[in-house]
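Q: coordinates only, sequence not included:
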Ligand code: PEP
């Protein structure tokens, strides 16, 4: 049985004080019944404060990026060792904004995933097609290639630890969401691809999130789909009340009370 995962990507938002305020609202409002996993991804500058604030909570902490070396002359980068040191459990890798603005390549994504796993940090791998690729009928081809690159030389034992987030680029921050049917079609394709690479067992446990303008009013219908195991939320995770509504939708989907 796969757990529903609700992750909030705060991107380059929130000073330390604002981050603590938001995390306190989430901590107070989230009644964990063991059915879902909630994760927040603050900017680097707030990771330590947020991890201290969540010390006695089940809410997981993610970084939004990481370098693939342990240490060295890499000005401006942050290593997996440093993330572990401040209490990080997850790391978002290959977000489309990093691919677009910071030259993140499929090769780097693969290296980062391997290193994250080596340090027992769970990677949240982001993949997804552009509007042009969707219109040109190349969605599956794009997603398939990204999966093949990202999982290159990764053992089945490690593959099962990777969370995949399908985030169609045209739906990120645009207010345009994939319909549950559009998203499910790609999620089911991703699961089948993982099954081809690693077998049915690994695929049946793989957690595949949807991301792209998820809001309180569409979260439930997306997560109700068979192969959508949760959501990666950008804009709507920046306010405690909307993120808590999405969490409640996750609890309802998992069959719990909210
Ligand atoms: C994201 O950046 O991962 C994202 C899904 O953003 P938004 O929810 O704002 O579209």
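A: Everything's here; your move. The shown structure was predicted, so the numbers you read here are calculated from the model rather than taken from an experiment.

Q: only C-alpha atoms from now on, for both contacts and neighbour counts.
A: Noted.

Q: next one: the helix or strand harbouring residue 52 to chain centre, how far?
A: Using DSSP states H and E, residue 52 sits within helix 44-53. Offset of helix 44-53 from its chain centre (Cα atoms, centre = their mean, to the nearest Å): 18 Å.

Q: for it, buried residues please.
A: Burial within helix 44-53, assessed by neighbour count using 16 or more other Cα atoms under 10 Å, is assigned to 44, 46, 47, 48, 49, 50, 51.

Q: switch those residues over to a markdown table; also include distance to the ligand and pLDDT.
A: Output for the buried residues of helix 44-53, formatted as a markdown table (distance: Cα to the nearest ligand atom, whole Å; pLDDT from 0 to 100):
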| residue | distance to the ligand | pLDDT |
| --- | --- | --- |
| 44 | 16 | 98 |
| 46 | 18 | 98 |
| 47 | 18 | 98 |
| 48 | 22 | 98 |
| 49 | 22 | 98 |
| 50 | 19 | 98 |
| 51 | 21 | 98 |
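
Q: check which helices and strands the helix holding residue 52 is in contact with.
A: On a contact count with 3 or more Cα pairs under 8 Å, 6 or more residues apart in numbering; DSSP states H and E, helix 44-53 meets helix 16-29, strand 60-63.

Q: tell me where the stretch 101-250 of the chain has strands.
A: 122-127, 163-166, 208-211, 230-233 (DSSP state E, counting those that start in this stretch).

Q: please name the strands paired to the second one in the sheet, noting orientation.
A: Going back to what we said before, that points to strand 163-166. Here strand 163-166 has these sheet partners by DSSP bridges: strand 122-127 (parallel), strand 208-211 (parallel).

Q: follow-up on the earlier one: for the helices and strands packed on helix 44-53, which one sits closest to the ligand?
A: Closest approach to the ligand among these (Cα to the nearest ligand atom): strand 60-63, 12.5 Å.

Q: after the closest one comes which helix or strand?
A: Following strand 60-63 in sequence, per DSSP H and E, is helix 80-85.

Q: how about the residues of the protein near the ligand?
A: Proximity of the chain to the ligand (Cα under 6 Å from any ligand atom) is limited to residues 9, 171, 172, 173, 211, 212, 213, 214, 232, 233, 234, 235.
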